[in-house]
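K.L.:
coords please:
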Amino acid sequence: MHMLARTRSMVGLDIGTSAVKAIELTQKGREVEVTAFGQVEVASDNLDDRARAVRDLMNEGGFQTKRVVTSISGKMVIIRYLNMVRMSDEELKNAITFEAEKYVPFPLDECILDCQRVDGSDEGPSSGNMTVLMVAAKRGQVDEHLRTVESAGLVPEVIDVDAFALSNAHTLCAGSDEGMDLSGTIAFVDVGSSKTSVNIIHEGASLFTREISLGGRDFTDAITKRLMVGFDEAEDLKRDPGDGGDAVKEAIFPTIDDLGNEIQLSFDYFENQFDREISRILLSGGGSRLTFFKDAFERIFEKPTAVFNPFEHVQVNDGIDADLLASNAPQLVVATGLAARLAKVG
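P.N.:
Down below sits the predicted model:
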């Protein structure tokens, strides 16, 4: 019974370059369910248009709370996994500044710096070393992101990084579905509009992440050049090729191969560095909705590949259009992983 259980809600807000996506998770006792979701396109990448899209989404989506977890990405976000001498948390806070100077290409007084130990790495308690995840973000980018969120009357609880939200969504699913397969080393590949995020986890711990500057917009550009059509028509063909499916596939395949080559470099580095083979790939993002995308990745990597739908494992409120939610699932994985912070934020 949950008559006295506390009810809490959190919105995961994914502000992309082409669309703003949001998922609301509500927890009552131990149960978590989706209570609202939505997505609106962004007219352009300037601050005013992004802020307007956030306001429109929150006004139209039926969200119950203004508490949000959002995320940043891009070249102004630096992520490094560091091998450091084992030390206390207090010592780590002091030491990370000196380590950051080796990897952060802008003045540290212009950035926000954070770090944490990585559980699940090979360095056990008896080892003299430990793996530390370091994240540095340009303060100006964080401040701009906060202004976008706060201008919509929202209360930002946490700012995360896109790539980590992918594994957080998976952790949420595992906690909701005891029958979910957690074995092996999993590579999450999220194909957004302007970039692709890669996050590799083993036993729930993130061990590698990378951002690649190729995405769905590059697929559209490939259609534009190959079929000699305008950008808007190419975008429509990408989403629904109709009878022109073969022509669209031929136009996009070289770009998918380019993306695959970049991802393969990351896989090779990871497998050599950690002496672990990636066992399967979970796809998300708008780019993964292409009907032939999953098969193309299985051809390139020769690994089991699936499109990640977190709503196959997480309870969905009866008031939600489950079919509409499922059809948009690939684009909502980051937002779901952000909202999954509900359990940690409280």
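K.L.:
helices of the stretch 51-200 of the chain, start to end?
P.N.:
89-103, 139-150, 162-176 (DSSP state H, counting those that start in this stretch).
K.L.:
now the ones you listed as CSV including mean pLDDT, distance to Asn261 and mean neighbour count?
P.N.:
The way it works is simple: take the backbone N, C-alpha and C, and place the C-beta from them, glycine included. Rendered in CSV, the data for the helices of the stretch 51-200 of the chain read as follows (pLDDT from 0 to 100; distance: least, CB to CB, whole Å; neighbours: other CB atoms under 10 Å):
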stretch, mean pLDDT, distance to Asn261, mean neighbour count
helix 89-103, 90, 25, 13
helix 139-150, 91, 29, 16
helix 162-176, 88, 19, 22
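K.L.:
mind putting these in TSV, distance to Thr65 included?
P.N.:
Rendered in TSV, the data for the helices of the stretch 51-200 of the chain read as follows (distance: least, CB to CB, whole Å):
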stretch	distance to Thr65
helix 89-103	31
helix 139-150	13
helix 162-176	17
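K.L.:
for Lys225, find the nearest of those.
P.N.:
helix 162-176 (28.0 Å; CB to CB).
K.L.:
any idea how far that closest one is from the middle of the chain?
P.N.:
On the basis of CA atoms, centre = their mean, to the nearest Å, helix 162-176 sits 9 Å off its chain's mean C-alpha point.
K.L.:
between the helix or strand hosting Asp48 and helix 139-150, how many degrees?
P.N.:
Assigning secondary structure by DSSP states H and E places Asp48 in helix 47-60. If you take axes from the mean of the first three to the mean of the last three CA atoms, to 10 degrees, helix 47-60 sits at 40 degrees to helix 139-150.
K.L.:
buried residues of helix 47-60, list them for me.
P.N.:
Buried residues in helix 47-60, defined by neighbour count with 16 or more other CB atoms under 10 Å: Arg50, Ala51, Arg52, Ala53, Val54, Arg55, Asp56, Leu57, Met58.
K.L.:
tell me what that helix is packed against?
P.N.:
Other elements packing on helix 47-60 under the criterion 3 or more CB pairs under 8 Å, 6 or more residues apart in numbering; DSSP states H and E are strand 7-15, strand 19-28, strand 31-41, helix 139-150.
K.L.:
quick one: work out the angle between that helix and strand 7-15.
P.N.:
Here the directions of helix 47-60 and strand 7-15 differ by 150 degrees (the same axes, to 10 degrees).
K.L.:
using CSV, list the CA coordinates for helix 47-60.
P.N.:
Taking Å, rounded to 0.1, in the frame of the first residue of the first chain, the C-alpha atoms of helix 47-60 are listed here in CSV:
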residue,chain,number,x,y,z
LEU,A,47,18.6,32.0,-27.3
ASP,A,48,15.1,33.6,-27.8
ASP,A,49,13.8,30.9,-30.0
ARG,A,50,15.0,28.1,-27.7
ALA,A,51,13.5,29.9,-24.7
ARG,A,52,10.2,30.3,-26.6
ALA,A,53,10.2,26.6,-27.5
VAL,A,54,10.7,25.6,-23.9
ARG,A,55,7.8,27.8,-22.8
ASP,A,56,5.5,26.4,-25.5
LEU,A,57,6.4,22.9,-24.5
MET,A,58,5.8,23.3,-20.8
ASN,A,59,2.5,25.2,-21.4
GLU,A,60,1.1,22.6,-23.8
